[in-house]
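# Would you be able to build a 3D model of this:
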Amino acid sequence: MKILLFGGSGCLGTELRLIDNTLLAPKRSEVDINNCRDYILTHNPDIIINAAAETDNRKVEKLPNEAIHTNVIGAANLAMICRELGIRLVYLSTDYIYKGDRGNYKETDEILPFNLYSWLKLGGECSTRAVKNHLIIRTSFGKNHFEYKESFTDKWSSKDYVNKVAPLIYEAAISPLTGVLNLGTERKTLYKHAKERNANVTGVKIADTNYFTPYDTSLNLQKWQNYKEATPVCRTHSNCRFCGSDDLIKYLDLGLMPLANNLEPTSELAKNTERFPLQVMFCESCSASQLSVVVDPEKLFSYYTYRSSINAGYVKHCRQMAKDLQQKYNLNEESFHIDIAGNDGALLKEFKEEIGLEVLNIDPAKNLCAIAEKEGIPSIPEFLTLDTAKGVNTIHGKSDLVTATNVFAHVDNVKDFLLSCKELINENGVIVLEFPYLIDFIENNEFDTVYFEHLSYLNIIPIDNLCTDIGLKIIDVEKQNIHGGTLRVSISNETSIHIPTVAVFDLVQDELAEGYLLYDKYSNWSKQVDKTIESFALNILDLKRKGYKIAAFAASAKGNTLLNSASINTDIIDYIVDETPEKIGKFSPGTGIPIVNKNRLVSDPPDYLVILSWNFKEEIMEKLKPIYSGKYIIPIPSFQILD
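Numbers count the residues shown, from 1 in each chain. Model prediction:
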């Protein structure tokens with residue numbers, strides 16, 4: 001991770017360079033913050049820490065021009081560059097942003113800068129917020145010794161010596177934390193702070209001096225403490241989950257995004273929900289694509305609102321899959337089939353009804369397992385682990401077929417996942433994975449399938465290498481049309497009777513020939529994504545300005561990515577229609593758009609309906625014919641209007 005530091009010669013910058021001697025920290029005489037574009041382009045950092053500032057309060061009051069030049073104009077210049085290049089920007093602000101009359105200030109509290117210095121720092125905060133992946137740190141620190149003779153006994157803060165605060169700032173900078181963060185230490189008087197390193201300091205009261213200063217700017221540090229003490233909801237991912245390499249390079253940055261399926265009961269809560277950086281990285285060692293962060297799976301999957309059986313297109317796909325695999329792998333009534341992350345049992349139900357298989361669903365979402373059980377599908381509400389697999393074997397025996405549709409891309413530890421699947425199958429059993437195929441993802445411009453559940457964007461080469469490493473072999477690959485382009489991969493034990501088909505070799509050669517092992521392929525594509533997002537935002541805004549009413553269909557995860565990346569909210573789209581009972585009455589995360597029953601299309605019809613689940617557009621338009629006669633907007637792969 002390459003970090004560029006502006007303000008490296010200052011009090012804080014000096015400490016940060018001691019913590020990490022690899023920091024790029026040019027002197028002001030070498031690179032000015034107002035003229036730094038070429039330097040940034042040359043060094044291409046992952047993170048920029050902006051600690052450059054005029055911090056002398058008295059000087060700022062008397063001679064503000066230099067402070068304006070650095071604290072406001074320079075910060076804005078840096079923000080524009082970081083926004084354009086997709087660089088994480090960490091901005092050092094001040095506790096003087098708060099009014100300073102009561103203390104224990106939270107990041108969400110109202111702000112009222114105390115003096116001109118803090119007003120100018122607020123100006124830097126404002127421009128920093130425009131950067132997709134930003135962190136604003138409000139803090140207070142001083143030199144490592146207290147150099148004054150007197151200190152206030154009635155002035156409170158969370159200020160500390162820079163060698164105590166700098167490590168916190170560095171850790172926060174490289175963390176996945178975003179937005180505003182208070183950093184400091186415990187609440188104390190400045191006199192107590194001073195006495196730690198200056199035994200001769202004299203205590204005075206503010207009223208007995210000529211100083212104009214706030215009484216209490218102490219910070220509520222709960223957000224930082226939650227990150228440090230608890231299992232963080234989101235953590236940084238820095239080593240390839242397929243090969244272990246740290247040669248990861250970011251190629252797509254969609255900004256700060258909410259968790260796509262965390263619907264809220266009010267619009268305000270939905271708009272203000274927690275956000276995390278949504279970025280995709282390329283592994284130069286094995287070509288695997290993966291997110292830069294990992295969100296706690298318990299947060300994502302323990303209660304899941306997507307239900308497979310409601311999607312008629314997917315159910316049709318499951319029925320055909322049962323027929324295909326029955327013929328290919330000689331499945332019969334005596335065969336045992338386990339589905340991993342089987343949701344509400346939609347896939348297993350088709351296998352059970354078509355072939356009569358013994359079936360078992362393993363899914364961590366307790367609400368979905370309960371639904372599957374009611375449909376006659378035995379279910380275990382757990383994540384798949386090696387211990388879970390061994391427990392299943394003890395009770396049910398080894399299986400003939402393990403399927404995992406639209407789940408492998410959700411898995412962080414892919415090696416353990418495949419080893420657990422291997423544990424579940426008998427000697428000649430087959431593991432069948434289905435996942436959105438990376439090549440379709442790129443070729444069809446399917447950037448909206450990037451969300452925090454999808455940790456990986458999968459091509460065949462890194463999976464093939466991983467299988468070889470753990471005693472498995474890929475025996476067949478088939479492209480499927482569902483979900484905008486899906487790959488079905490069949491895997492078995494390396495000692496099984498199954499022989500790999502020529503399709504496996506051909507697919508590997510295609511990926512090599514089309515340049516999918518080269519970073520430039522992905523970097524060039526990300527520029528196309530930026531244009532697609534801009535086109536969607538401008539076109540839909542133009543329709544709204546002309547007075548048309550616009551709604552959307554399908555409160556899907558991909559729809560959430562599209563709407564948030566284009567900054568679309570209730571100003572543009574009035575409501576989102578969905579058929580999932582658990583979603584109706586909730587509000588879409590990030591946008592605050594209400595999710596309603598399809599009857600709303602009759603009582604309050606829009607002129608245009610954006611189909612967010614565009615991969616099922618034909619089925620959706622056919623279904624809505626009896627109740628909707630307006631026009632449709634298809635956003636992907638490019639903006640399109642259909643009658």
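# just the helices in the stretch 51-200 of the chain please.
In the stretch 51-200 of the chain, the helices defined using DSSP state H, counting those that start in this stretch lie at 57-62, 64-67, 75-85, 116-128, 162-174, 190-195.
# Switch these over to a markdown table; also include mean pLDDT and mean neighbour count.
Glycine gets a C-beta too; all of them are placed from N, C-alpha and C. Converted to a markdown table, the helices of the stretch 51-200 of the chain look like this (pLDDT from 0 to 100; neighbours: other CB atoms under 10 Å):
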| stretch | mean pLDDT | mean neighbour count |
| --- | --- | --- |
| helix 57-62 | 87 | 14 |
| helix 64-67 | 92 | 16 |
| helix 75-85 | 95 | 20 |
| helix 116-128 | 96 | 21 |
| helix 162-174 | 96 | 19 |
| helix 190-195 | 96 | 20 |
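# and residue 20, which of these is closest to it?
Among these, the nearest to residue 20 by CB to CB is helix 162-174 (6.6 Å).
# Just give the number of residues close to residue 32.
17 (other CB atoms under 10 Å).
# how about the residue sitting furthest away from the middle of the chain, what does it touch?
Using CA atoms, centre = their mean, the residue of the chain lying farthest from its centre is residue 208. It sits 51.9 Å away. For residue 208, no contacting residues are found, by CB atoms under 8 Å, 6 or more residues apart in numbering.
# Please apply the same query to residue 300.
Contacts of residue 300 by CB under 8 Å, 6+ apart are 259, 261, 410, 452-453.
# Now these in a markdown table, please, with extra columns for pLDDT, distance to residue 530 and secondary structure.
Formatted as a markdown table, the contacts of residue 300 follow (pLDDT from 0 to 100; distance: CB to CB, whole Å; DSSP: H, G, I helix; E, B strand; the rest coil):
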| residue | pLDDT | distance to residue 530 | secondary structure |
| --- | --- | --- | --- |
| 259 | 91 | 23 | coil |
| 261 | 86 | 25 | coil |
| 410 | 92 | 26 | helix |
| 452 | 94 | 20 | coil |
| 453 | 91 | 23 | coil |
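# Which two of those residues have the greatest separation?
259 and 410 (13.0 Å).
# of these two, who's got more company?
residue 259 (22 against 18).
# Against residue 154, how distant is the residue farthest from the centre of the chain?
10 Å (CB to CB, to the nearest Å).
# Residue 243 too?
Distance, residue 243 to residue 154, by CB to CB: 59 Å.
# ditto for residue 175
Taking CB to CB, one finds residue 175 at 35 Å from residue 154.
# Same question for residue 404.
63 Å.
# residue closest to the middle of the chain?
Central residue of the chain (CA atoms, centre = their mean): residue 278, at 3.5 Å.
# So for that one, what pLDDT did the model give?
For residue 278, the model assigns a pLDDT of 93.
# and it, that's in a strand?
Yes. Residue 278: assigned to a strand according to DSSP: H, G, I helix; E, B strand; the rest coil.
# quick one: contacts for it?
253-257, 291, 450-452, 561.
# If we use 7 Å, what do you get?
When contacts are counted by CB atoms under 7 Å, 6 or more residues apart in numbering, residue 278 touches 254-255, 257, 450, 452.
# Taking the residues you listed together, which two end up most distant?
255 and 452 (12.9 Å).
# just to revisit the earlier point, more neighbours: which of residue 404 and residue 154?
residue 404 (26 against 15).
# Just the element for that one, please.
strand 399-405 (DSSP states H and E).
# Report the inter-axis angle for the helix or strand following that strand versus strand 399-405.
Sequence order places helix 414-424 as the next helix or strand after strand 399-405, per DSSP H and E. Angle, helix 414-424 to strand 399-405, by axes from the mean of the first three to the mean of the last three CA atoms, to 10 degrees: 150 degrees.
# Alpha carbons only: can I get the next helix or strand after helix 414-424 in CSV?
Next helix or strand after helix 414-424 toward the C-terminus (DSSP H and E): strand 425-436. C-alpha atoms of strand 425-436 as CSV (Å, rounded to 0.1, in the frame of the first residue of the first chain):
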residue,chain,number,x,y,z
ILE,A,425,-18.7,-35.5,-1.7
ASN,A,426,-17.9,-39.2,-2.2
GLU,A,427,-15.0,-40.4,-4.3
ASN,A,428,-16.8,-39.7,-7.6
GLY,A,429,-19.1,-37.0,-6.4
VAL,A,430,-19.3,-33.7,-8.2
ILE,A,431,-19.2,-30.1,-6.9
VAL,A,432,-21.0,-27.7,-9.2
LEU,A,433,-20.4,-23.9,-8.8
GLU,A,434,-22.4,-21.2,-10.6
PHE,A,435,-21.3,-17.6,-10.5
PRO,A,436,-21.4,-14.5,-12.6
